Structures are given as C-alpha cells and as structure tokens.
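Engineer: Quick one, what's the 3D model for this:
(2 chains)
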Amino acid sequence: MEQRRTSSRPRILENFDRPLFGTVLLLCGIGLMTIYSSSYLNQMEIFYRQLIFMGTGLGIALVISFLDYRIFERLAIPVYIIAVILLILVPLIGSKAGGAQRWLHLGPFVLQPSEPAKIAVVLLLARFYSRDKVDLQRGYGLRELWPVVLIAGLPILLIFKQPNLGTALLITFTTFTIIFLCNLKWKSLIVLTLAGLVGAPLAYQFVLHDYQRTRVKTFLNPQSDPLGDGYHTIQSMISTGSGQVFGKGYLKGTQSKLEFLPEHHTDFVFSVFAEEWGFFGSLVVMGLFIILIFLGVDVVRKSKDKFGAVLAMGCLSIIAWQVVVNAGMELGLLPVVGVTLPFFSYGGSSVLTTMIAVGILLSIAARRHIF
Amino acid sequence: MRLSDPYNVSEFRSRSLVIAVLFATLIGILILRLWYLQIWQGELYREFSDENRFKIERLSAPRGQIFDRSGNLIADSRPRFDVLYTRGNSQDLEMELSLLGDILGWEKSEIDLRLEKLKKSPRYQSQVMMLDIPSSKLALLQMKALDLPGLDIEVVAVRDYLYKEAFFHSVGYTGEIGEKELQRLRARFPQRSYRRGDQRGIIGLEALNEGLLRGTDGRNFLVVDVNGRRVNSDQWEMLPETSRIDPVAGTSLKVSLDLGLQLEAVKAFGSMKGAAVAMDPQTGQVLAYVSQPALDPNWFTQVLTNLDFQKALNREDNPFLDRVVGEHYPPGSTFKLVMAAAALENAVIDGKSTHYCPGFYRFGRRSWNCHKRDGHGRVDVVQAIAQSCDVFFYNVASSLGLDAMFSWSNRFGLGRRTYVGSEVLEGPQERIYRFNTEQTGFIPYQDWVRMKGNTTVEAETINAGIGQGAFLTTVMQLARMVAGIGNGGRIFQPQLVLSENPQDSERRKDLRAEVENHLRLEDKTRSLIIKGMEEVISGQLGTARLSKIPQVQFGGKTGTAQVVDLEVWRRRAKTDKKLEDHGLFVGLAPLDDPRIAVAVIVENGGHGSGTAAPIAKKMVQYYMQKLQTTEVNDGTTAN
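Structural biologist: Take a look at the predicted model:
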C-alpha cells in the first residue's frame, strides 16, 4: 500500500490533466472578475466571500484530484445517507427565504443541502452501475432501472418539495444522462422520451406550485407582466442585448450597477458579463465551456473502469446542465428556475459542489494511465 | 489493483460522444441566441438600457416678462415649489408622512387623506402632496431629506402678477391646462412641448400671445437607479456626462398700458362695476384697460380647489367678464358725436342749423321725449352736444335715415370688432383668437328692422339717433371712435403690444397700430364737434360741467344706456339697483391736439355725468400731469 503510493505519486503529477484544470482556472478567473464588477460599488464583501469560496474550492478540488477516486466508491453510501438526512432536516430546521426553504445553518456556515445532494446522487449511481451485473452490451431495459429511479428519486422529491424546481430538474437531467450513457436500450429511450412529452404538461398542471406555473407562463410571454414576474427575464435580456458586439466595457455595465438587473450576483451573473463584454466575450466563455465539456468527455472515454467513467460523466453533467439551464434562463430561452452558473455565480454551496465535481474529474483523469 | 468492472469500458465511448455532441449543440443554441440578442437586436436593447437609466427631468421655462410702456415690470415669473412623494422609495410611509405633515403644518385628517392617496398610487409614481410651499419650509424639508426618502420637490415656473387685480383682463391670467386645450395647444405650438399640468394663458394678452410668452422647457438627463433615485454621476466616471438642455424663457413683451394710469383708473372705480379704456388718439395705443370687478390673477397659479373656482364663477357681478370688449352696451348719447359728424359731413346740417326742442319729438302718432322735459329751446349742433339734446338728434336722424347712420357707425368702427391687441394677419386668413371673446356690437339697419318686424324703420331710426334701441357697442369701440374724432378720422385697430423682446436690442421687434379706416373728416366738422365736447365740460349748461380740470382742455360726451325700458325703470329702478341705467362717458384731452381719449362705462351708475365722467376726469388729469412732468424733464435733459 505504502509502496504503491510513493511509486504512483510522480506519475499522478505527470498525468495531471493540465488543459482541464487550466480551463477551470480561466473560467474561475473570469467568474471572479464578473462578481467583482457586479459587487464593487456597494457590496464588496460579496466579492471577498466569493474569493474565499473559490480559493477553498480550488484547494479542495486539488486535494480530491490527488486522492484515488476509488475511495469514493466506498464513501458513496455514507455520503448519500448524510445528504438525504440533510435534505430531510431542511423542512424541519431550515431557514426560509423568498418563499422557499432551502438553507441549513450549521454553526457559522449556511449550507444549501440540495447542492451536495447532486454529488451524492452521482456517486451512488456510479457505484450502482459499476457493481450491477447486467450485460452492458445487451443494454438496460426500463424494468432494470428501478434502483436508479429509487436512488435519484428520493433526493429529487425532497428538493422539489423545498421547493427548488431548478436543482430537482438538474439532478433529473444528470440522472438521465447517466442512464443514457450506461447503455439504455434505444427502445426504452424512445418510451422514456414519449413519457416525458406526455408527462410534462401533466406535471405542469398538477405538480408545479402556483409561482412555478406563473414563471413558466411568464417565460412564454415575458411582456405579459413586465414589472412582475417577467421583469427578471426582460431585464436580463436587456442587459445581454445592450452589450452588443464588444460590450459596454468592464465595470461599465449600467444594468447591473444601477440594479435594474435583479440577482446579478447569483442567477443572472452571466448577463452582467455579457453586458460588459458583448458578443465576443460571451463567445469566449461559451467556447471555454465547450472545451471543458469535451475535455470532460475525454476523461469519461479514457477512464479505465466503469465506476470512473460513470462518475466522470455524472460530474461533467452536473456542470454542463447547469450551464445550459442557467444561460438558457438568462437569455430568455427557458423559464426562470433558479439554477446557478458554475464558476460564475456567487454562493458557497454552489462553488464547493462545482469544485468537488471538478476535483473528482481531475482525479479520474490523473488515473487513466495507471492501470 | 482491483478494477471495479471486469469488462471493457469502451462501451461508453460512442455514447459519451453522443452526449458531448448534445451538450455542444445546446451551447451552440445558446451562442445563436447570444448572437440574436447582442448583434441582431443589440441596438434595440441598448436603447432599452438607456431608457432604463436615464430619467428626464423637465426644467420648467419661465414665461416671458411683461412690461408697461415705461418699462415697469407688470408680470414676472417665479419658481413654485411643489412637494411630491413616491410610495416605492419610502421605508415607513406613515412615519414619514407625519413628519412631512409636521413640517408643512397639516392637520391629522389632512395627513390621513394624503396617506390614503399614496397607498392607492402605483408604487413608483410620485403623487402631489402640496403645491407652492413657502421657501422657509423648503429649507426645512431639505434638512430632513434623509428622513424622507420618497420626497421629491418639483420646481415649476409660474406667473407672478405684481399688481394683482389691476391687469386681470388686459394682461390676463395663467392657469393649468385642461385636457381639451392640451390637444389644441399641442397642435398649434408643436415646438412648445405642452404637458398635462402646464401653465398656459387663459385670457388677455397671456392667452393672445401664448405662443410668444411660453418658453421652451429644458431637459436634464439624470442617471437613476432602479428605484428612480438619482445617482451622483461624478462618482461614476463610466457614465456619460449628463447632457442638460437649459430652459429658454419666453419672449418678453412691452405693452402700451401705462402702469400709473391703469392703477389710477382702478382706484377711481372703487367698488363700482364697469369698464374704462384710455387710448392715445395719435397712435392707437391703449393706455389703460380696466374692467371691474376683477380677480387677483395670482390666485390661479396657487392652490385652487374646484369649489373656490366654482364660487368665483358663480359670482353675480361676474368678475370674469371683460367689460371692455367682452360685453356690449347701448352707446346712449355718446353716439350723438357720430350722429353730429355724419350729419355735418353729409351736409344734412351745418354749424348754423338749429332745431327747436320743446321737450318732445312727434312722429306719426308716437312721441319721443327729450331727457329735459321742458325742452332745450332752440339749439345748434354745438349746444345739442353740450346739453345732449335728444330732440335735435331725433330730427337729424330722420333726415339722415337709418342706413346712412349704419354706414357712418361702421366707418367709425362701431358694430365691428376692434381686434384689440391682435397681430394683423396679412391676407384673408381668419384671425384665430378673439381677445377675451370680443363682441361685435350691433348697429340696426333698415333690412334688419323690416325682417325683425316688431317696430317701424322710422321709429328705430329715431331711437338710434340717440344711441338707444337695438344699438350695441363695446367700450373699446367707443374709445376708438372718440379717438377718431380727436385725430381727424383715423380709426385704429387698438394696439396693446408695443414690442417683443424690448430689452434685447437684437431680437427686439416693434409693432405699430394699424389704421383700419381713415374718415378724413372736414376740419369744420371736427372743430364743431370738438367745440360741443368742450362745452359739455366747460359750458354753463354742459352735462359734465362738474368734471372740469384746471389748465387742461378737456372735452367729452356723457351718455346713459337704458338697462330696461322706461316704464319698467320708473316702476322698479329705485328698489332694484340692477335695473338702474349705465352711465357712459367718452372724452378727449387736450382738445386742440388730443393726447388721450377715454371711454368709461359704469354699470348701473345712473347718468354718465355722475359716475363715468369723474372717473374719466381722474384718468385724464393723471395722464396730462404725467405728460407735462415727463416733457418738462425731457426738456431739461435735452438742454
């Protein structure tokens, strides 16, 4: 044991995925810069806090990257149990804000348990798939998916009840990505898709809260209530659009500085960036995300075991889906559901979750040649 | 090392590639969307964001000042400070409003009323709390501004009339624009950017010269945050310099009115109702323009409740009525001047012709009385004017005929609008605005009498001979008539505005009164009538001999206009003041080279010699004295 570690250390350093980490660093840098721009006038403490979160997060990511990811296979069940317990605690002792109960006060820290729950679900799913004896070449049918539904369903339900539609959807998307990756039969995929198409309107009608229904309605027609629910979307589109080709210049975005753009530290941070850097800046950031996704998929493809591959895809999905949903929402393509943008949005739980995912990816990447 | 899976992971490869492509496609859609928002629609959204952050503050432009003929300021502009409050910016509405109430001295109920109004208002729409607060309160409010986050003080330029009631009908007054006028004014003066709640001239010169007097409001672009609060743009070097357009004051006017003379006339009226006009017979400039009773025009720029306004509107003595041009009266005996002129010019009589007055005049089966029941005896035209003999003019009327009288009245400008103050428009364009709803008056003519059919042409002719019957003229018409006699027959469109921009030598524009008609009276005609007018005041038997002015050649003609016919008057006039006759007087001074013509009417003032002539006397006396002193002064400075 001791011997193996010493012998593998230089190889791990050698195999460290520098492009992936570099891309992450770049995104973190741009993200921090944007948070500075949106907070320097009157909320500098937000920038400093984010700086600390980012620093801690990157540190944790590096530490995780040096760990052998296979210890997560052993940790998967305890992590999952803790995450579920935290989610159950939220409605009991959590604090409320904006009509939703999402936060837990743990001493000096405020935790949003739905964030680590994303990782917990991915971990347990990876463990399930790696141990499941179903023939991958034959593919999974719907009937063999009940453990997956159970693993993902419990936290999704708890998060949805908070209510936090965004994160619930995000875990759902991530789960489906993993299901697809692990050789879901094409026939089953078609059935699932059809079920989704039928189920969505039904869910809209019977499952969603009133405020969520309003958001969807407003999304379909933001002008219907420009000062109420459509306000977020309209102001965010104005911010982005007014950036035009080259942007208004760093620190010169009027929409965020004069606070026309709501929640410009968290959910709508990309609009701040787009306003100041224009289409070219946005193109750079979107390009970096695409690079990140391809580098991540490369980790999946090159990982030497099933656990690593599923875990890597899970971590990548968490990040990628957040990018798609958040940006879609900021650009007025999707309803406002409260999903943060990885590397950009302010918030400890969100930053740390993203960084843990990055760390796991790096760890898997570093160990793809050791076998 | 144990691998978690015993078989090949490469199964994942193709599917992970599908996922990568899926994500890349989704991000591609996002990029397309970015392109659409930032490039395709970028300009539009840039406009939206500018609209968001700029608030346009209007800088209210002062109206043009109005000066009298010697350059004394009559109407100025002052800033009015209005207190507004916005619900959305306040923290604790009730507490803040009670603080505001303490400063502005509101009762509890007034505070509650405003609280109610605010609570019902849209979140970020400011509501008027109080208009026109004194500057002492303004300072207090500014000190407490931090405790009143919803407070806004709007500065509106409003009129300040320095002489209150004195120029109510002539200069006019300003007030808030109503919904209907807004459309009309916007159409007529598109450059002037009218807005609801703006001030505009309602009567008098203010209304007539609205297009000149109204300034052009300025604009100030303020950078505001989402709450509409002003952002100090110096601290924000990234925000563009706020561009300010300064307000431009309206064109100032110099009017022909003489401040001292106007005040003298108002004083002379006291509490009597009526009107007085003084005119320079040589230039057609109106020197005084008085209609009584009048209101303080400043009242309309201040807080005006509907109730107060209704009360003023329903006053029995109707202070809104401009008795100079807006009301017409029978000219009474003042018309005898026109009769005399017509008869002399038509050679129906000459200076030596006489008629015998037995105290009545008989025509057919009817008889007309002279006001002197025992008769004037034999009178010539001078004495007929001096003693106002009715019988003489009954005779003259019969000889002239109604249509000749109609034509001569018209030539003297009676029965025609004077268009006082209006700019003469070239060409056949209709004059758009009637000054204070100027009345035409009415002169009877044969066809009209026949059409009407309630009397004979002959009877109407005889009545008209002494300015009674269907006859109606305005005081302004009488003034330019008597001025015409004084200047040898020039009938003016009376002038009220002397110059635009009087203090700016480059943009100054001087105006002149137009001669509407030149009668070219024979010297003999003129001198006989003047003689008669002189006798009215200086003669032993003159009707206004009590109004003599030492050292001034003052002449005139009294008149009495019946309000009801003689029978009713006899029965009721003693008990009902409203049925009392109107007293009239027209006058000229000095007679050989007139510098002032006056026309005065005192409603229900009885005979003209008792009420109207003394007012005219005071006006003439004041003005002649003023002319003398200024001419003496001019003489000394010239030396």
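
Engineer: quick one: least confident helix or strand in chain B?
Structural biologist: Least confident helix or strand, chain B: helix B:566-572 with a mean of 65, by mean pLDDT, DSSP states H and E.

Engineer: and after the longest strand along chain A, which helix or strand comes next?
Structural biologist: The residue-count maximum for a strand in chain A (DSSP state E) belongs to strand A:100-106. Downstream of strand A:100-106, the next assigned helix or strand under DSSP states H and E is strand A:109-111.

Engineer: in the stretch 51-200 of chain B, what spans have low per-residue confidence?
Structural biologist: Applying pLDDT under 70 to the stretch 51-200 of chain B flags residues B:54-55, B:124.

Engineer: quick one, helices of the stretch 251-371 of chain A?
Structural biologist: Taking DSSP state H, counting those that start in this stretch as the test, the helices found in the stretch 251-371 of chain A are A:254-257, A:269-302, A:306-330, A:348-366.

Engineer: next one: the stretch 351-500 of chain B
Structural biologist: Remark: helices assigned in the stretch 351-500 of chain B by DSSP H, counting those that start in this stretch are B:381-386, B:390-400, B:402-411, B:446-452, B:457-465, B:475-486.

Engineer: Just want the residue of the stretch 201-350 of chain A that's nearest chain B.
Structural biologist: Closest to chain B within the stretch 201-350 of chain A is A:G241: 2.6 Å, counting by Cβ to the nearest Cβ. Where C-beta positions appear, they are placed from N, C-alpha and C, glycine not excepted.

Engineer: pLDDT below threshold where in chain B?
Structural biologist: Counting by pLDDT under 70, the low-confidence segments of chain B come to B:1-11, B:54-55, B:124, B:221, B:223, B:225-243, B:303-306, B:423-434, B:564-575, B:634-639.

Engineer: Any figure for the gap between A:L104 and A:S349?
Structural biologist: 10 Å (Cβ to Cβ, to the nearest Å).

Engineer: list the residues that contact both of those two?
Structural biologist: With contacts taken as Cβ atoms under 8 Å, 6 or more residues apart in numbering or on different chains, the residues that reach both A:L104 and A:S349 are A:110-112.

Engineer: Out of the residues you listed, which comes closest to B:A157?
Structural biologist: A:V110 (55.2 Å; Cβ to Cβ).

Engineer: show me the residues around B:Y329 that make contact.
Structural biologist: Neighbour list for B:Y329: B:472-475, B:561, B:582, B:584, B:601 [criterion: Cβ under 8 Å, 6+ apart].

Engineer: Kindly report the same for A:H232.
Structural biologist: A:262-263, A:268, A:336.

Engineer: cool, and B:I31?
Structural biologist: A:282-283, A:286.

Engineer: picking that back up, and the helices of the stretch 251-371 of chain A, which one is worst for confidence?
Structural biologist: Lowest mean pLDDT within these: helix A:254-257, at a mean of 80.

Engineer: any idea which element the residue of the stretch 51-200 of chain A found nearest chain B lies in?
Structural biologist: Closest approach between the stretch 51-200 of chain A and chain B, counting by Cβ to the nearest Cβ: A:S130, at 4.2 Å. Using DSSP H and E, the element containing A:S130 is helix A:114-131.

Engineer: Check which residues of that helix are buried.
Structural biologist: Of the residues in helix A:114-131, A:114-130 count as buried by neighbour count, 16 or more other Cβ atoms under 10 Å in any protein chain shown.

Engineer: okay, now residue 252: neighbour count?
Structural biologist: Using chain A here. Per other Cβ atoms under 10 Å in any protein chain shown, the neighbour tally for A:K252 reads 15.

Engineer: Not quite, go with chain B.
Structural biologist: 24.

Engineer: Equivalent analysis for the one 4 residues further on, please.
Structural biologist: By other Cβ under 10 Å, 25 other residues sit near B:S256.

Engineer: so who does it touch?
Structural biologist: B:69, B:280, B:285-287, B:495-498.

Engineer: longest helix anywhere in chain B?
Structural biologist: What stands out as the longest helix in chain B, according to DSSP state H, is helix B:612-638.

Engineer: now that one, how far from the centre of its chain.
Structural biologist: 27 Å (Cα atoms, centre = their mean, to the nearest Å).

Engineer: Run through the residues that contact residue 357.
Structural biologist: In the absence of a named chain, chain A is used. A:A357 touches A:118-119, A:122, A:315-316, A:318-319, counting by Cβ under 8 Å, 6+ apart.

Engineer: wait, chain B
Structural biologist: B:370, B:372, B:375-379, B:389-392.

Engineer: Touching, B:A544 and B:E535? I think so.
Structural biologist: No. Using Cβ atoms under 8 Å, B:A544 is not in contact with B:E535, being 10.0 Å away.

Engineer: In stretch B:66-84, which residues are buried?
Structural biologist: Buried positions in stretch B:66-84, judged by neighbour count with 16+ other Cβ under 10 Å: B:66-69, B:74-75, B:77, B:80-84.
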